[in-house]
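Peer 1: Okay, predicted coordinates and the sequence, questions at the end:
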Amino acid sequence: MTSLRPHSELRAVLGPTNTGKTHLAIERMCGHSSGAIGFPLRLLAREVYDRVVAIKGEKQVALITGEERIEPAQARYFLCTAEAMPRDGGGHAFVALDEAQLAANRERGHIFTDRLLHARGREETMLLGAATLEPMVRALEPKAEIIGRPRFSTLRHIGPRKLSRLPPRSAIVAFSTEQVYAVAEMLRRFRGGSAVVMGALSPETRNKQVAMFQAGEVDYIVATDAIGMGLNLDVNHVAFASLAKFDGVRQRRLTPAEMAQIAGRAGRHQRDGTFGTLSGAGQHDAEPAEFTEEEIYAIEEHRFQPITRLFWREAEPRFDTIATLIGDLERAPDLPQLMLAPEAIDLSVLKKLADQPLATAVKRPGAVRRFWEACSLPDFRQVGADQHARFVTRLWQDLQTGYIGADYAAARIAELDNMQGDIHTLQARIAAIRSWAYICQRPDWVLARDEMAARARGVEAKLSDALHARLTERFVNRRTAILMKSLGQDASMLPVTMADDGTLSVEDEPIGRVDGFRFTVDHMANHADRKMLLAAGEKALPRILSERADTLVAGGLEGVELAKGAIRWNRQTLARLELGNSPTSPRIVPERELALLPEPAREKLLAALGEWLAKQLAPLEALARMEAATNDPDAGSQARALLMNLIAGHGYVSREKAGIEHLPKEMRPFLRRLGVTFGALDIFAPALLKPGARQLLHALGVDRRALDPAMIPVIEGDKKLPSGYRPAGKQAVRIDIAEKIFRAAHEARAKTRERRFVVDPALAISTGLTPDSFQRLLGAAGFRYLPAKRLREGAFGPAEPDRFEWRPSRRKAERQQPARPREGSAFAGLADLMR
């Protein structure tokens with residue numbers, strides 16, 4: 001082991017989390033002509049790289065990790081992982097090691113110990129770490145200046161909290177993949193979801209998950225203890241799902257210092273933080289996840305048992321033979337402050353391969369060094385020494401003879417270029433591609449190194465995007481997350497918008513739709529979310545519906561229609577019509593959905609609907625005049641009674657039901673001025689037999705009989721007889737058209753003194769009546785059809801015309817009545833018709 005080399009100013013900046021140690025190191029490095037900082041995580045190195053690039057520019061800053069190398073030719077500032085940083089400092093003016101207390105870590109401690117002992121800057125060296133490292137620094141480097149840094153904010157214990165009671169901006173820490181996923185799933189159900197951060201994720205995926213939390217898309221993050229490694233998160237509270245973890249040897253309780261390293265993520269800068277446990281998250285047979293009084297005191301006051309020994313392994317072993325190499329790596333340190341590191345996976349792989357036949361060919365020091373470098377390939381896949389050794393064996397088959405072929409490397413990378421699969425499948429592919437990214441970064445392992453490294457990074461980036469999407473899809477209900485944050489806001493501030501198709505969204509997440517003025521919750525929402533979505537929608541509806549009402553009124557109520565006794569818009573009912581005793585002056589009764597409108601907007605909309613309805617009722621002007629006349633005392637009781645029958649018949653009534661026999665003759669001109677026609681079989685108002693009037697009566701729900709919307713003169717009679725028509729054989733004829741045909745027949749009868757006479761069928765045929773229907777129609781009015789005799793065989797000349805005979809039949813008239821609200825019919829004297 002080489003001795004310490006304090007040939008520059010050495011400072012140890014020690015203190016708890018949130019003391020600004022890393023920020024200080026960045027400032028100091030940027031004040032020198034060159035520098036390098038070693039970090040425990042590639043993710044943290046990348047974060048600081050971006051910060052330094054913003055200060056110094058891309059051309060002067062490099063990022064060096066096992067799997068990624070961004071090294072411009074003019075780079076002067078290097079951000080590295082501890083393993084990738086130069087072990088002697090690389091001759092830079094400034095050198096710093098972050099999280100130096102990891103020298104006491106079983107797995108990676110020997111790397112940090114070596115950098116702590118040997119990495120020095122020409123002008124300044126800085127060790128950053130926890131205060132527990134101070135005894136080791138004093139023992140190993142007595143002349144080092146030790147600077148204590150107090151925490152910017154306080155850390156306070158608030159006890160256990162249920163998942164439903166966790167404050168926003170909380171981090172939940174678990175120590176197994178299963179527990180991380182279980183907690184994340186519960187948060188998705190009840191709090192809208194969470195970000196997920198684990199050591200098994202690729203740095204890119206972790207970056208995206210952290211960015212999602214930092215951007216406020218979710219209020220919770222579930223993580224393993226990797227969260228304690230310097231990740232800068234906007235966390236107010238840290239909740240421990242467990243206080244025990246497996247350290248590679250056994251399941252044990254966290255030390256107070258480890259607890260504090262994680263809990264210290266809560267509170268940033270001057271904002272205080274809290275910590276506690278997650279109640280109900282542990283197993284029934286597990287140790288209760290609760291802090292002791294001593295642990296709480298230690299964490300809040302930052303008082304921990306100091307580190308007494310650091311792990312060490314020979315960093316410059318001899319490569320004479322494989323046996324010599326193994327002996328040096330297993331040699332105990334000379335200093336009492338250091339202890340031999342547990343056998344790491346690289347040494348385990350080396351010892352396994354040393355016993356295989358392939359090791360017999362590894363004799364020269366150069367080959368031994370290369371063999372050791374192959375065995376040092378990190379186990380990104382976390383498959384253990386045996387399986388990892390098989391992978392290294394295949395790798396060595398190419399490396400011992402030169403290089404890994406570009407075709408072979410490209411084929412292996414292409415096999416992993418597959419974005420399909422679930423979370424576990426994508427994690428496995430990312431671990432595998434990280435191995436190939438590491439291999440392709442080595443300077444003398446792969447032909448076409450730069451191209452293969454770029455391919456590996458590209459595949460890793462795509463896989464990381466896919467994994468981030470899967471994690472977000474599984475563990476984030478973005479709609480619920482947004483609503484959980486928004487429901488406490490002022491309704492006017494709620495970010496609810498409505499699309500042209502009526503879809504209601506909160507920050508582009510659909511919560512339901514508005515049809516007309518009715519809000520319905522998204523049908524895809526589960527039962528637990530429906531109440532919350534309804535509450536969110538109703539908070540914003542007054543504003544949204546007010547805007548919709550204003551737009552509707554400004555557009556002249558376009559699209560509004562009458563149907564089934566209601567005013568409808570976009571197939572939704574706005575208001576119902578109460579007809580009372582008068583269909584021409586219905587009362588508008590708004591639907592309850594309009595009650596959500598602010599009062600001014602509601603009154604404005606109802607006033608506009610009233611004006612619109614008045615215009616729509618114009619075709620019923622004749623009916624309105626009749627209603628007014630029923631209240632005229634000068635009309636006489638008999639005329640008012642007939643008018644009431646007409647009104648009840650919605651514009652027409654049979655003569656028998658009209659009560660015409662009681663009507664004084666002098667009142668008929670009065671009724672004709674109101675638009676009443678006295679027909680042969682019916683008394684009717686022609687204006688109310690027009691299409692607009694019949695359609696309106698049907699839409700108002702006044703006349704519920706069948707309707708022919710066009711009210712054409714003649715229709716086929718195979719369907720239910722529509723309102724306003726009289727049957728005529730297999731056809732039906734509109735009542736006013738039938739009356740014209742009857743008049744023509746009576747006029748033909750009046751022109752001759754004969755009992756039998758000819759009726760010209762031209763008018764009937766022009767309306768579309770067939771000869772048979774024409775004959776049957778006249779038969780209903782009392783005209784008996786008399787067919788002409790055929791010409792004798794061999795006779796020439798025009799055929800004799802068919803004739804009719806006036807022989808009214810009351811029973812036949814009763815059988816063929818027009819459609820009416822109430823059953824019944826009558827035949828009236830033709831003398832009345834001619835008056």
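Peer 2: Structure received.
Peer 1: For the stretch 251-400 of the chain, which segments are assigned as strands?
Peer 2: Under the criterion DSSP state E, counting those that start in this stretch, the stretch 251-400 of the chain contains strands at 251-253, 273-277, 310-312, 338-340.
Peer 1: right, and these - which one's nearest Val53?
Peer 2: For these, the distance to Val53 is smallest for strand 273-277, at 29.4 Å, taking Cβ to Cβ. Using the backbone N, CA and C atoms, a C-beta is placed for each residue, glycine as well.
Peer 1: for that closest one, packing partners?
Peer 2: Applying 3 or more Cβ pairs under 8 Å, 6 or more residues apart in numbering; DSSP states H and E, we find strand 273-277 packed against strand 155-157, strand 237-240.
Peer 1: any idea which of these is most buried?
Peer 2: strand 237-240 (a mean of 26; mean count of other Cβ atoms under 10 Å).
Peer 1: what pairs with that strand, and is each one parallel or antiparallel?
Peer 2: Using DSSP bridges, the strands paired with strand 237-240 are strand 170-173 (parallel), strand 273-277 (parallel).
Peer 1: could you point out which element follows it?
Peer 2: Using DSSP states H and E, the helix or strand that follows strand 237-240 towards the C-terminus is strand 244-246.
Peer 1: ok, now how distant is Trp806 from Arg749?
Peer 2: According to Cβ to Cβ, to the nearest Å, Trp806 stands 6 Å off from Arg749.
Peer 1: Now do the buried residues in the helix or strand hosting Ala764.
Peer 2: Element membership for Ala764 (DSSP H and E) is helix 762-767. Residues of helix 762-767 classed as buried under the neighbour-count rule (16 or more other Cβ atoms under 10 Å) are Leu763, Ala764, Thr767.
Peer 1: All the helices of the stretch 501-650 of the chain, in order from the start?
Peer 2: 527-554, 599-616, 621-629, 637-648 (DSSP state H, counting those that start in this stretch).
Peer 1: Ranked by average pLDDT, which of those helices falls at the bottom?
Peer 2: With a mean of 74, helix 527-554 has the lowest mean pLDDT of the helices of the stretch 501-650 of the chain.
Peer 1: in the stretch 1-150 of the chain, what spans have low per-residue confidence?
Peer 2: Confidence mapping of the stretch 1-150 of the chain against pLDDT under 70 gives the ranges 1-8.
Peer 1: Ok, the chain next?
Peer 2: Residue ranges of the chain with pLDDT under 70: 1-8, 200, 228-231, 280-288, 477-495, 506-509, 522-538, 797, 809-835.
Peer 1: how many other residues sit next to Gly794?
Peer 2: 5 (other Cβ atoms under 10 Å).
Peer 1: separation between it and Gln387?
Peer 2: For Gly794, the distance to Gln387 (Cβ to Cβ) stands at 117 Å.
Peer 1: Also Leu613?
Peer 2: From Leu613 to Gln387 the distance is 81 Å (Cβ to Cβ).
Peer 1: who has more neighbours, these two?
Peer 2: Leu613 (19 against 11).
Peer 1: Settle this for me: that one is touching Ile567, isn't it.
Peer 2: Yes. Counting by Cβ atoms under 8 Å, Leu613 does reach Ile567; the two are 7.0 Å apart.
Peer 1: shared neighbours of the two, anything?
Peer 2: Shared between the contact lists of Leu613 and Ile567 (criterion: Cβ atoms under 8 Å, 6 or more residues apart in numbering) are residues Leu577, Ile588.
Peer 1: Residues in a beta bridge with the closest residue in space to Ala332 that isn't next to it in sequence, which ones?
Peer 2: The spatially closest residue to Ala332, leaving aside those adjacent along the chain, is Leu340, at 5.0 Å (Cβ to Cβ, 6 or more residues apart in numbering). For Leu340, the beta-bridge partners are Trp312 (DSSP bridges).
Peer 1: quick revisit: quick one: which of Trp806 and Arg749 has more around it?
Peer 2: When Trp806 and Arg749 are compared for neighbours, Arg749 comes out ahead with 20 against 15, by other Cβ under 10 Å.
Peer 1: Identify the residues contacting the more buried one.
Peer 2: By Cβ under 8 Å, 6+ apart, the neighbours of Arg749 are Phe757, Val759, Phe804, Trp806.
Peer 1: distance of the residue nearest to Gln572 when sequence neighbours are not counted from Gly701?
Peer 2: Spatial nearest neighbour of Gln572, excluding adjacent residues (Cβ to Cβ, 6+ apart): Gly516 at 2.7 Å. Here the criterion is Cβ to Cβ. By it, Gly516 lies 19 Å from Gly701.
Peer 1: More neighbours: the two, which one.
Peer 2: Shown here are Gly516 and Gly701; by other Cβ under 10 Å, Gly516 has more neighbours (21 against 17).
Peer 1: I'd say the more buried one and Ala566 touch.
Peer 2: No. Counting by Cβ under 8 Å, Gly516 does not reach Ala566; the two are 11.1 Å apart.
Peer 1: Spit out the residues that contact these two alike.
Peer 2: With Cβ under 8 Å, 6+ apart as the test, Gly516 and Ala566 both reach Thr573, Leu574.
Peer 1: Phe78: which element?
Peer 2: Assigned by DSSP H and E, Phe78 belongs to strand 77-81.
Peer 1: Quick one: list the elements packing against that strand.
Peer 2: For strand 77-81, the elements it packs on are strand 35-39, helix 42-56, strand 61-64, judged by 3+ Cβ pairs under 8 Å, 6+ apart.
Peer 1: what about those, which gets the closest to Leu243?
Peer 2: Of these, the one closest to Leu243 (Cβ to Cβ) turns out to be helix 42-56, at 24.8 Å.
Peer 1: Specify the angle between that closest one and strand 77-81 in degrees.
Peer 2: Interaxial angle, helix 42-56 versus strand 77-81 (axes from the mean of the first three to the mean of the last three Cα atoms, to 10 degrees): 170 degrees.
Peer 1: Identify the residues contacting helix 42-56?
Peer 2: So helix 42-56 is in contact with 22, 26, 29-30, 37, 39, 61, 63, 65-68, 70, 76-77, 79-81, 98, 203, 206-207, 210, 229-232, going by Cβ under 8 Å, 6+ apart.
Peer 1: Next, the angle strand 35-39 makes with that helix.
Peer 2: Using the same axes, to 10 degrees: helix 42-56 against strand 35-39 is 150 degrees.
Peer 1: hang on, the earlier thing: contacting residues around the helix holding Ala764?
Peer 2: By Cβ under 8 Å, 6+ apart, the residues outside helix 762-767 that reach it are Pro713, Val714, Val733, Ile737, Lys740, Ile741, Ala744, Pro771, Ser773, Phe774, Leu777.
Peer 1: Moving C-terminal from it, which element do we reach first?
Peer 2: That would be, after helix 762-767 and using DSSP H and E, helix 771-780.
Peer 1: same for that following helix, what does it pack against?
Peer 2: Applying 3+ Cβ pairs under 8 Å, 6+ apart, we find helix 771-780 packed against strand 725-728, strand 731-734, helix 735-750, helix 762-767, strand 783-786, helix 810-815.
Peer 1: Flag every buried residue along it.
Peer 2: For helix 771-780, a neighbour-count test (16+ other Cβ under 10 Å) marks Ser773, Phe774, Gln775, Arg776, Leu777, Leu778, Gly779, Ala780 as buried.
Peer 1: Thanks again, I'm all set now.
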